[in-house]
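*Asks:* how does the following fold in three dimensions:
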Amino acid sequence: MRDRPIALKFSSVSFSYPHLDVLSDVTFHFHSGEFIALVGPNGSGKTTLLKLILGLEEPTKGTVELLGHSPKRSRSLIGYVPQHASYDPSFPISVAEVVRMGVVDGTSRRKRGQDDVVAKALSLVQMESLGERPYSELSGGQRRRVLVARALVGEPAMLILDEPAANMDRESERRLYDTLSTLKGETTILIVTHDMRQVSALVDRVFCIDSLNERTGTRTVIQHPLEEVDDGTKRVLHEQAIPADQCWQEVRHG
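*Replies:* Sure thing, here's the model as predicted:
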């Protein structure tokens, strides 16, 4: 995997809102096909980092390169699952129609082809039998899995999930991570999470938004090495940091 192209690269990126400095000198990168976890406390800048990746914000300093181009140019190649997705429960829309929203050519007359890819995406999240059910009748965990299917229906080069298991029941959470395990190695995955327990067996690398710099009021991003433990999961070695210019860090054994 170390020979694969770089999927995302931050080079000396800083970002500030008009009256608030957020990130300072953020430099990191990862490769296509890797499974990446981004962790950090609430208010640490994770949402801002995602906005920079998606091209919704521009760096104050430095550059962001996504799939070899600027984020705005590559954004159509990204499947994104937001942490919060509001909807009108009175709006009559089916599960399949929600997923179909993720088809890039939403006006295409190739309806049959769209039906096939929608069915495939629902199958990936183990919801193929619920395609005709009203979206409003689903549980919170089921709706989140439908949003994952919507992100996957366009066969994205990278999947970004923002706290996908938040408020999700245990069974939906298990099925979500089953889906992600089948995608591992084929699709580049970036997951923002507070809970490393479920995802630890899947991740290749972990990036932490570092503690607040009291002098500048900003944070940066640190990569920490992983160590495999007896149950097959991995733990983050928070006391160690990997240099930003290092392309790859193998899992340490013992």
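
*Asks:* now do the buried residues in whichever strand or helix holds Leu147.
*Replies:* Using DSSP states H and E, Leu147 maps to helix 140-152. Judged by neighbour count (16 or more other CB atoms under 10 Å), helix 140-152 contains these buried residues: 141-152. (Each C-beta comes from the backbone N, C-alpha and C, glycine too.)

*Asks:* now stretch 83-95
*Replies:* Using 16+ other CB under 10 Å as the test for burial, stretch 83-95 gives 94-95.

*Asks:* how about the helices in the stretch 101-250 of the chain?
*Replies:* 111-124, 140-152, 170-183, 196-199 (DSSP state H, counting those that start in this stretch).

*Asks:* is Ile36 in a helix, a strand, or coil?
*Replies:* Secondary structure, DSSP: H, G, I helix; E, B strand; the rest coil: Ile36 is strand.

*Asks:* so what does Leu8 have for phi and psi?
*Replies:* Backbone torsions of Leu8, given as degrees, to the nearest 10, read phi -140, psi 130.

*Asks:* how far away is it from Ser14?
*Replies:* 17 Å (CB to CB, to the nearest Å).

*Asks:* also Ile191?
*Replies:* Per CB to CB, Ile191 is found 24 Å from Ser14.

*Asks:* same check on Leu161?
*Replies:* For Leu161, the distance to Ser14 - CB to CB - is 26 Å.

*Asks:* neighbour-wise, which of these two wins?
*Replies:* Leu161 (23 against 17; other CB atoms under 10 Å).

*Asks:* hang on, the earlier thing: which neighbouring elements make contact with the helix holding Leu147?
*Replies:* Here helix 140-152 touches strand 78-81, helix 95-100, helix 111-124, strand 158-162, helix 170-183, going by 3 or more CB pairs under 8 Å, 6 or more residues apart in numbering; DSSP states H and E.

*Asks:* how many other residues sit next to the residue nearest to Ser11 when sequence neighbours are not counted?
*Replies:* What sits nearest to Ser11 in space, not counting adjacent residues and going by CB to CB, 6 or more residues apart in numbering, is Thr63, at 4.9 Å. Thr63 has 12 neighbours, counted by other CB under 10 Å.

*Asks:* nice, that's everything, thank you.
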